[in-house]
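Visitor: Return a 3D structure for these sequence lines:
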Amino acid sequence: MKTRFAMTLMALLPILAACKAQDGTANTATPTEPATPATAPASEPAAPATPAAAGETAAAAAATENAAAPSPSASARPTGPEPVAGTDYVVIENGQPFQPATGKIEVAEVFGYVCPACAAFQPLIGPWKAGLPSDVSFVYVPAMFGNTWDDYGRAFYAAQSMGLQDKTHEALYAAIHAQQTLKGERGRDSVEDIAKFYSTFGADPKQFAATMSSFAVNAKTNAAKQFAQRSGVTGTPSVIVNGKYLVKGKSFPDMLRIADHLVARERAAKGN
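Guide: Numbers count the residues shown, from 1 in each chain. Next up, the predicted model:
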């Protein structure tokens, strides 16, 4: 199921570029536009596509294409030309990492579980994250764009506090976009609906629902919202390197290629 979900989402890569929140909804940009929210969305946003709409042929073709051109890894030497400020990334004025750690270069992804573009990006950034060298710290930051986005942002931190985030991250994307057992932006899932999903991974649903509204989770979601705002994030997925650079890029693989270069630049600046 996991492999089929990943293949199906790959079929959406040519379709989806970025999700932008407007009154709690997401829009998709055209594939010719950079995948980051630093650029405006398409003038006529399309309804978010779902993996269920992609055929098996398209999924197989996308998987073959992806195998022929694997996503870059920060553990290898960066490929392609040096990124250019204003074209490949935006310098964040007075930017700071989300969770500074001594000796670490941070890469943050601002994401939303309800965002179909983020669901399509996960099969790329997941393996890329796993291959990062030891001096790079990767952190997921949920986008708090209001309404159902906020519900799922709170669920992310509730799951994290209960030790469930790693094992549920991709499964929640699948539940919303592939299996459609959760509505995402096709409606609005209740706190109880969300807690029921996490209960299949061992969480007590009442405890999970209570944790979602706890002081500790509210503090974390407020911090996530502030980080996205000061970093100039207006849509998802967004990749931010060391709090200094908001990655743009022409495609999802290009975003990771640019991130590789910016990580290498930060490493050189630290003298590592």
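
Visitor: I'd guess F197 is in a helix, am I close?
Guide: Yes. Counting by DSSP: H, G, I helix; E, B strand; the rest coil, one finds F197 located in a helix.

Visitor: separation between it and Y173?
Guide: 12 Å (C-beta to C-beta, to the nearest Å). C-betas here are computed from N, CA, C, even on glycine.

Visitor: Have a look at these two and say which one is more surrounded.
Guide: Y173 (27 against 21; other C-beta atoms under 10 Å).

Visitor: I'd say the more buried one and A119 touch.
Guide: Yes. Between Y173 and A119 a contact is recorded at 4.4 Å, counting by C-beta atoms under 8 Å.

Visitor: So I240 lies in a helix, does it not?
Guide: No. In this structure, I240 is strand, not part of a helix, as judged by three-state DSSP.

Visitor: Can you report how many residues lie near the residue nearest to it when sequence neighbours are not counted?
Guide: Once flanking residues are discounted, I240 sits nearest to A108: 4.6 Å by C-beta to C-beta, 6 or more residues apart in numbering. When neighbours are counted by other C-beta under 10 Å, A108 registers 24.

Visitor: And I176, by the same measure?
Guide: Neighbours around I176, by other C-beta under 10 Å: 26.

Visitor: can you offset everything so residue one is 36?
Guide: Will do, 36 is the new start, and the previous item becomes I211.

Visitor: where does it land on pLDDT?
Guide: On the pLDDT scale, I211 is placed at 98.

Visitor: go on, the one 3 residues further on?
Guide: pLDDT, Q214: 97.

Visitor: quick one, what contacts K231?
Guide: P240 (C-beta atoms under 8 Å, 6 or more residues apart in numbering).

Visitor: What's the end-to-end length of stretch 239-257?
Guide: Using C-alpha to C-alpha, to the nearest Å, the end-to-end distance of stretch 239-257 comes out at 25 Å.

Visitor: Now that stretch: buried residues?
Guide: 240, 243-244, 246-247, 252, 255-256 (16 or more other C-beta atoms under 10 Å).

Visitor: Tell me, what's the model's pLDDT at K305?
Guide: At K305, pLDDT is 84.

Visitor: Tell me who's in contact with it.
Guide: Taking C-beta under 8 Å, 6+ apart, one finds 138, 140 in contact with K305.

Visitor: Against Q242, how distant is it?
Guide: In terms of C-beta to C-beta, K305 sits 42 Å off from Q242.

Visitor: do the same with P272
Guide: Counting by C-beta to C-beta, the gap from P272 to Q242 is 30 Å.

Visitor: Equivalent analysis for A120, please.
Guide: 47 Å.
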